[in-house]
Each structure stands twice: as structure tokens, then as C-alpha cells.
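J.: sharing a sequence plus its predicted fold:
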Amino acid sequence: MGGGGAKALPPGVHVTVYIGKRVLISAGMLILISMLIFLLLRLAPGNPIDAYINPSIAISQKQLATLRSQLGLDGPLTTQYLAWLGNVLRGNFGYSAVDFRPVSLLIAERAGPTLLLMGSGILLAVLVGTASGVIAAVWRNTVLDYSLAVLAFLGIATPAFLAALIGMYVFAVRLHWFPAGGYRTPGQPLTAGNVAEHLILPAVILSLYYTATIMRYTRAALLEVLNLDYVRTARAKGLPEWLVILRHGLRNALVPVVTLIGASVGSAVGGAIFIESVFGWPGMGLLFIDAVDARNYPVIMGISLVIGVGVLCANLLTDVTYVLLDPRIQYG
Amino acid sequence: MALPYQSRSRSGRETSHSVGKRALRRFLRHRAAVGGALMFSAIVLAVLLGPLLLRSGPNQIHLLAINRPPSPLHWLGTDGVGRDILARLLAGGRVSLMVGAGATGIALLVGSCIGSLAGVLGGWVDAALMRLVDLAMTLPPIVLLLVVASITGPGILTTTLVIGLLSWPLLARLVRARFLEIREQDYVTAARGLGAGTTRIILRHGLPNLIDVLVVFASLQLANAILLEAGLSFIGLGIPLPTASWGNMINAARSVVVLQQYPWQWLPAGIALALTVLCVNFVGDGLRDALDPRSDL
């Protein structure tokens, strides 16, 4: 739920200045995050060098020292941090402590499935969430509105991994509507249809929480807007109610919803991690869980950093979009 | 903005009393919140008293009843090593609620301290602390939680500490905002003029004005902490077996056989978890409406 607190611009501040400032702040944040991740994992018990030596082979202190200096582990922490950061900037995230493959390669392999899962989940949540939010607002205080509210509360109270297990049990194990996991059917050619078949269930489950929040938010924002004077004017002009709601109401109600979508990206990452793990979806979340299980620190560092960059970009994009969308901002 | 609590003098006592009463009345009007509070009390009672009434303990193994479905002897069946699911559900509830409450307490303490210091002192202390808050709020909490948990390893105490120490930033931000308002109030200026120090201003003038923020945060954070504990234990980084917790009971369903054939081994814990979180959320919503001075209109 990162820094989604976009505010209206103070009068007289030009949009480009504002955006420039946001970019600088995000860059500073990114450096702080990289320091945090580096420090956390250097504080971890066990020496990073342990990953490189075979414990069953005797090794002398001298050899150990040579190895340490070869790996750059003998300098002060600041030097080590700068060296690590320099490597990261050149795209070298180090090597997995389990299979010794480059971390950047591992992440690149897994980024596609994760983006697919998160993209379709968020898209679905936006579509269903706004639609049901409008329905709840238009038929407010009816049985329909109350049932949607109950569903929303259930969606918010059910953690992603539980929803994933229940969804898998009901729709894959009992009803056989969808495959029970994975990204594609092994042994069959990789086709879009096959991937889509595997995608539907995890994407729907990922979207549940965000559908619920977006729905509640849209409903509240729409109800607020529908009480404003210009909506009354539109009604007085004799516009049909659905046109008033869609053109005058929803368009303005959606501005705060955009903020919510941006702020959701961070927590959607959390949901995706669990869902990928339950469904065996070969994305970054599964890689992350496996790395955490195996205390594979280079991979943990790499993925945390990539997630940090992703969330910062999403927040930045949200702030910028919000300023560009809000009709009340001043172009000074 | 109106400040709801100013029970300083003896004559102020009556107003404070009626403010509390008004809040209670508003809370009682909130049907979902009352229902949630009743249900949550029932869950707490069951979790506290239930284990005393059951015949089998949570870790007692019945070798002749492995993977049994629900029966009069074992109301919710048994698991793969013959432990009674109901007993584990209740014992696990104790652990889950305890970890949640402990983590919430830590978050309350740290968040209100840091928020008040930032709000009252201002200047570079404020700037530095708020950057720290921004930093902690940028990474998704579960990612940071997993990173830290991978370092500390599993355990009841470490799980409580880790969740608590990662959950304070939002509260710090709320408390700071409230203090920025309070700081400008005449009675604080007066107190400063009379020589009151930072500590006295925070404790005597700040805290009573923060009760609504703290109460609402505590209830919503309790739900959050319970969910985070369950998530960690589900991954295997939270509460280590054989101690039961709702999270590690749901973890059993990661085995395909359990997921498919023994739903009674994981569904009850899942339902208990979702139900508890739902109730606590309802209570939190009700408290927010009841304590918001503006909702009186």
C-alpha cells in the first residue's frame, strides 16, 4: 500500500517541476531500498562465503582468505555495497547459491509469467470492480448492494493463499473446470490457449481482493459525486439517468480510483507470491519463495530489488497520472 | 478539526463520559460491528476454554485413527499422524491470536513513539523518521517480512517480533499527522509556556487525543497481523511444527493428497482464519465510525 498519497498540486507549481521532483524522490528511495536490502542480507547468519565452499573438503585459513579477497568480501561494508551496486547497475545480480546460474537470467525467465498473472489479475479487478461498484451505488441500500458488500468483505478477509487453495479444491479438484496448476500442459506445444486455460483460475483469485476494494471505493466515490451540483444540473437538463451516471458521475469518480489501482500494485505483488506458490506458476513469486526456503540470498536480494523498482515505478506513475487527470489542478 | 477528548479538569470529566457514551451508542447502532464483536468474543472464548474441555491434546497422537473423517469421537476428524483436528484448531487459534495481539502491541508502541516524536519535535528528526516510514512502506510488507523471516528463522517469538516491528509505519504516519494538529492548539502552547517538556506534552496532551487513532489502528492491525502470521506459517517460516497455528494447519493442504482427499484437515483452519479476520474488520469499521467526531452529522 505504498506511498499512494497523491495530492492536488499547490497553486503555481508546473506539472513538469512536480513530476521531476517525484522522479528524484523515487530515485532516492531506490538507493535507500538497495542499502536496506544489502544490509539486511549481510546481517544474515552464516557467511556468504559458505555458499562457495564444499564443507566436506578441508580448506586452510590462507586459502579461505584468498577466496574472500577474490570475492571482494574482505573490504569494509561501504566498499562491498558500492561494488555490489555497481554490478547491479551493470545488470549483474550475482549468482544463485543453489545452481550457480546468474540471478539476472533467473529473474528474466520468471518475469514474463508474473507480469502476465499480475496484469490480467489487475485488469480483471479494475473491470469487475468498477462495474460492480457502479451497480452497488445505483441500487444502493437494496439487497443487491448488501450482497455485494458481504462479498466484498469476504474478499478482503480471505488471504490469497486460502482463496487459492479453496479455488483449486473447488474448481480444479472437484469440478475439473481448470487444470490444477502450472503454466502449461507438459508435453504439449506452448499455445496461447493452453496458457490461458492455466491462467484463468490464479488470475481470478488474485483479482478478488482488488475487485473488492475497487468496488467499495468506486461505490463511495460515485455516491459522493452524484450529490454534487453539476450532476443535479445534468439531471435537470433531462439527460437519461444512465448517461448522467456514466458521463458525469463515473468519469469524475474514477480519478481517486486510479490512485487506488496504483497503490494496489505493491500489495498485489504480495498476493501473487502466494498464488504462484500454490499454483506452481513459474513466476518470480515462486522463485522468491524457493529462494527464501533455501536461504538463497543472492536471489532474494535480486528479486526484492526488482520488486522495489516495480512498486516505485507504479507509485510514480500513479502520482503523475493523478495530477494529469485531476481537473482541479492549476497550470501555472 | 474537533478534538474529541479533553478530559483534563474535574469539570471535563462529564463531557468525556458522554463522549464515550456517544461513541458506544454509535457503535451499537452499527449492526455488522456488533455482530463481529459478539462472534469474535465467541471465538476468543472457544480458543481459551475449548482446549480445557477436550479429551485429546493438540499434539496427542491416536495411532489407530489416522486421516479419519469427522466422527463423534473426533468432531473434525484427525490428521496424517492421528492428531485431533478440533484440538489443533483451538490450540492453533490461541497461537494465532496471541501472535496477532503481541505483534499489534509492538506496532502500537513503536508506531506511537516514533509518530509522536516526529510530530512534536519536527525539523530534521521529523524528516529523517518520515523517510524511514516511506522506506518501510515502499516494499510490500510481505516481501520485507519474508526477507527478514528468512534471516531470523521460524519461531513464535521471532514471528511476533518480526510482524510487530514491520507494521508500525502506517500508525507512525497517522500519529504524526494528529500531533501536527495538536501542536498548534492553544492549550499546548500554554503548556509549553508553563515549562512542560516534550515527554509531558506527548503523554499528557497528545495521548488522550490519540485514543481514536490508536483504537482503530489496533483493531485493523490485529486482523492484518493474524493474516501475516498465517501467511508466514503457510510458507513454513512462521510457527514451526509441531506447535499448531492456523497458518501451518492450512499449510497441510500444500500436499496434493491432503488437498484432494482430506479437506477436513485444512478447511476448518481456513474458515476460522477468514471468519476471525472478517469479525475483527467489522469491529474496526464500527469503531472508526463510532469514534469519528465528524460522523455525528
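T.: Structure received. These numbers were taken from a predicted model, which means no experiment stands behind them.

J.: which stretches of the stretch 151-297 of chain B have low pLDDT?
T.: For the stretch 151-297 of chain B, the stretches flagged by pLDDT under 70 are B:292-297.

J.: residues of the helix or strand bottoming out on mean pLDDT in chain A that come out buried?
T.: Least confident helix or strand of chain A, by mean pLDDT, DSSP states H and E, is helix A:61-70 with a mean of 75. Within helix A:61-70, the residues that count as buried by 16 or more other Cβ atoms under 10 Å in any protein chain shown are residue A:68. (Glycine included, C-beta is placed from N, CA and C.)

J.: could you find the closest non-adjacent residue to whatever residue of the stretch 1-150 of chain B ends up closest to chain A?
T.: The minimum distance from the stretch 1-150 of chain B to chain A, using Cβ to the nearest Cβ, falls at residue B:142 (3.7 Å). Counting by Cβ to Cβ, 6 or more residues apart in numbering or on different chains, residue B:142 lies nearest to residue A:270, which is 3.7 Å off, once chain neighbours are set aside.

J.: which elements pack onto the helix or strand hosting that neighbour?
T.: Assessed by DSSP states H and E, residue A:270 sits inside helix A:251-279. Here helix A:251-279 touches helix A:103-138, helix A:160-167, helix A:192-226, helix A:284-293, helix A:297-325, helix B:141-152, helix B:211-235, going by 3 or more Cβ pairs under 8 Å, 6 or more residues apart in numbering or on different chains; DSSP states H and E.

J.: ok, residue B:161 - contacts?
T.: By Cβ atoms under 8 Å, 6 or more residues apart in numbering or on different chains, the residues touching residue B:161 are B:103, B:106, B:152.

J.: ok, 7 Å please
T.: Going by Cβ atoms under 7 Å, 6 or more residues apart in numbering or on different chains, residue B:161 touches residue B:106.

J.: taking their axis directions, the host helix or strand of it and helix B:141-152 sit at what angle?
T.: Assessed by DSSP H and E, residue B:161 sits inside helix B:156-166. With axes from the mean of the first three to the mean of the last three Cα atoms, to 10 degrees as the basis, helix B:156-166 and helix B:141-152 are set at 140 degrees to each other.

J.: and the angle from the helix or strand following helix B:156-166 to helix B:141-152?
T.: Going down the chain from helix B:156-166, the next helix or strand is helix B:169-183, by DSSP H and E. Interaxial angle, helix B:169-183 versus helix B:141-152 (the same axes, to 10 degrees): 120 degrees.

J.: mind listing what's buried in helix B:169-183?
T.: B:169, B:170, B:171, B:172, B:173, B:174, B:175, B:176, B:178, B:179, B:182, B:183.

J.: list the helices and strands the helix or strand in which residue B:90 is found packs on?
T.: For residue B:90, the host element (DSSP H and E) is helix B:85-121. In terms of contacts (3 or more Cβ pairs under 7 Å, 6 or more residues apart in numbering or on different chains; DSSP states H and E), helix B:85-121 is packed against helix B:31-53, helix B:123-138, helix B:156-166, helix B:169-183, helix B:211-235, helix B:246-251, helix B:267-291.

J.: hmm, try it at 10 Å
T.: helix B:31-53, helix B:123-138, helix B:156-166, helix B:169-183, helix B:198-200, helix B:211-235, helix B:246-251, helix B:267-291 (3 or more Cβ pairs under 10 Å, 6 or more residues apart in numbering or on different chains; DSSP states H and E).
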